[in-house]
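> Give the three-dimensional model of this entry:
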Amino acid sequence: MVDPAMGDSPARLAAPERRALAEAGYARLEQLTHVTEAELGQLYGIGPKALGLLREVLAPTGRGIKASAPAS
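Residues are numbered from 1 along each chain as shown. Here you go, the predicted structure:
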């Protein structure tokens, strides 16, 4: 489901989660393919539930959140 106010982000995200993404400059799902889960998780309002939903929404499109760099 798409929320027109947030581009192609899933409307199932709660308002605080959508605001967190918008305030961080993420207006489209495609932008999330360039950021890691750890970076998204640092945003106030983005927790495990939101990350799971974003992974779920991106998966059918063949896209995903950027993989974290391996620990050195």
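
> Where does the prediction get shaky in this protein?
1-11, 69-72 (pLDDT under 70).

> Give me the contacts around the longest helix along it.
Longest among the helix segments of the chain by residue count, using DSSP state H, is helix 48-58. Applying C-beta atoms under 8 Å, 6 or more residues apart in numbering, the external contacts of helix 48-58 come out as 10, 12-14, 17, 29, 32-33, 37, 40-41, 64-65. In this view, the C-beta of every residue, glycine as well, is placed from N, C-alpha and C.

> What about residue 21, how many residues nearby?
Number of residues near residue 21 (other C-beta atoms under 10 Å) recorded here: 25.

> Name the helix or strand for it, please.
Residue 21 belongs to helix 15-23 when assigned by DSSP states H and E.

> following that helix, which helix or strand shows up next?
Next along the chain after helix 15-23, taking DSSP H and E as the criterion, comes helix 37-41.

> same for that next one, what does it pack against?
Secondary-structure packing of helix 37-41 (3 or more C-beta pairs under 8 Å, 6 or more residues apart in numbering; DSSP states H and E): helix 48-58.

> Counting neighbours, which bits of the helix it packs on end up buried?
For helix 48-58, burial by neighbour count (16 or more other C-beta atoms under 10 Å) applies to 50, 51, 53, 54, 57, 58.

> Same question for stretch 19-30.
Across stretch 19-30, burial judged by 16+ other C-beta under 10 Å covers 20, 21, 24, 26, 29.

> CA atoms only for it, dumped as CSV, please.
Taking C-alpha atoms only, stretch 19-30 is exported to CSV below (Å, rounded to 0.1, in the frame of the first residue of the first chain):
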residue,chain,number,x,y,z
ARG,A,19,7.9,11.3,9.8
ALA,A,20,11.3,9.9,10.9
LEU,A,21,12.0,8.8,7.4
ALA,A,22,10.8,12.1,5.9
GLU,A,23,12.8,14.2,8.4
ALA,A,24,15.9,12.2,7.5
GLY,A,25,15.3,12.9,3.8
TYR,A,26,14.0,9.5,2.7
ALA,A,27,10.9,10.1,0.6
ARG,A,28,11.1,7.0,-1.6
LEU,A,29,11.7,3.3,-0.9
GLU,A,30,14.5,3.2,-3.5
